[in-house]
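Undergrad: Kindly return the folded structure for what I paste below:
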Amino acid sequence: MNGVIDWFRSSEHWHGDYGVPVLLGQHVLLTLTSVLIAIAVGFPLALWLGHRHRGGILVINLTNIGRAVPIVALLALFSLSVFGNSYLGPYGRSGLATLVTLALFALPPIVTATYTAMIEVDPDVVEAARGMGMSETTLLRRVELPLAAPLIVSGLRLAFVQVWATATIAALVAGPGLGNIITRGYANNQTAEVVSGSLIVAFFALLMEIGFLGLQRAVDPRPRVTV
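TA: Here you go, the predicted structure:
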């Protein structure tokens, strides 16, 4: 425990290219980019399939295939393929491989939550909106999406927290982020450094969890009951 406290107190861990602030910024960028890629691919598809009540189960099963493969093995596979030969500035030497791996990891919770949220919208409300003459696009935007928002945000929360914690593996292929603290500590047999890096990752994952729970509550259109 004293070793961990000493690690946090040491100024050398808070300055330079491998200081906590720089690595934290890299980790945020890596996580944000990966999840945004997954959102761009999975969200519109799941949203429309949920609206149409068709094909969602097939898409969910397809996106879940990646979960059957260990994430480290997936990263190694992509790093040894054509993806591994691409240097993407702040994302590192195997930046494309890392982004693709993490984006695939983020897809299942986003697709599953979005599709499930859409099909669980009260059908009576949907039919009433159609009876008022709403177009399918207006119905989706003004009725279904607001009602589905809490569960969709729940899927985003799961995706962001999972990718944040998993993005530490980027350090295994000379990538950026907080994983470098953990791998450096392991390589130097410094338990305090491994624990310190893990605590930093866990702390910000907890903050992210709390933030998304607040957002999930904020977008819930249901009236709050006060006692």
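Undergrad: what's the following helix or strand after the helix or strand bottoming out on mean pLDDT in the chain?
TA: None of the helices or strands of the chain scores lower by mean pLDDT, DSSP states H and E than helix 56-64, at a mean of 81. As assigned by DSSP states H and E, the chain's next helix or strand after helix 56-64 is helix 71-79.
Undergrad: Which strands or helices does that next one pack on?
TA: The contact analysis (3 or more Cβ pairs under 8 Å, 6 or more residues apart in numbering; DSSP states H and E) places helix 71-79 against helix 95-119. Yep, even glycine has a C-beta here, placed from its N, CA and C like the rest.
Undergrad: Quick one: residues in contact with the next helix or strand after the helix it packs on.
TA: Using DSSP H and E, the next helix or strand after helix 95-119 towards the C-terminus is helix 123-131. When contacts are defined by Cβ atoms under 8 Å, 6 or more residues apart in numbering, helix 123-131 is touched by residues 139, 142, 143, 144, 147.
Undergrad: now stretch 102-109: mean pLDDT?
TA: Mean pLDDT, computed over stretch 102-109, is 93.
Undergrad: An error on my part: the question was meant for stretch 22-38.
TA: On average, stretch 22-38 scores 96.
Undergrad: Quick check: buried residues in the least confident helix or strand of the chain?
TA: 56, 59, 60, 63 (16 or more other Cβ atoms under 10 Å).
Undergrad: from the chain's centre, how far out does it sit?
TA: Mean-position distance between helix 56-64 and its chain equals 18 Å (Cα atoms, centre = their mean, to the nearest Å).
Undergrad: got a list of what the residue sitting nearest the centre point of the chain touches?
TA: The residue lying closest to the centre of the chain (Cα atoms, centre = their mean) is residue 160, at 2.6 Å. By Cβ under 8 Å, 6+ apart, the contact set of residue 160 is 31, 35, 106, 208, 212.
Undergrad: Can you read off the pLDDT for it?
TA: Note on residue 160: pLDDT of 97.
Undergrad: Next one: it from residue 111, what distance?
TA: 15 Å (Cβ to Cβ, to the nearest Å).
Undergrad: next one: residue 80
TA: 27 Å.
Undergrad: higher neighbour count, the two?
TA: residue 111 (27 against 13; other Cβ atoms under 10 Å).
Undergrad: Surely the more buried one and residue 42 touch.
TA: Yes - Residue 111 is within contact range of residue 42, at 4.4 Å (criterion: Cβ atoms under 8 Å).
Undergrad: Need the residues touching each of the two.
TA: Counting by Cβ under 8 Å, 6+ apart, the contacts common to residue 111 and residue 42 are residue 63.
Undergrad: Out of the contacts of residue 160, which comes closest to residue 91?
TA: Comparing the contacts of residue 160 against residue 91 with Cβ to Cβ places residue 31 closest, at 11.3 Å.
Undergrad: Tell me the helices and strands packed up against the host helix or strand of that closest one.
TA: Using DSSP H and E, residue 31 falls within helix 20-52. The helices and strands touching helix 20-52, judged by 3+ Cβ pairs under 8 Å, 6+ apart, are helix 56-64, helix 95-119, helix 145-166, helix 179-187, helix 191-218.
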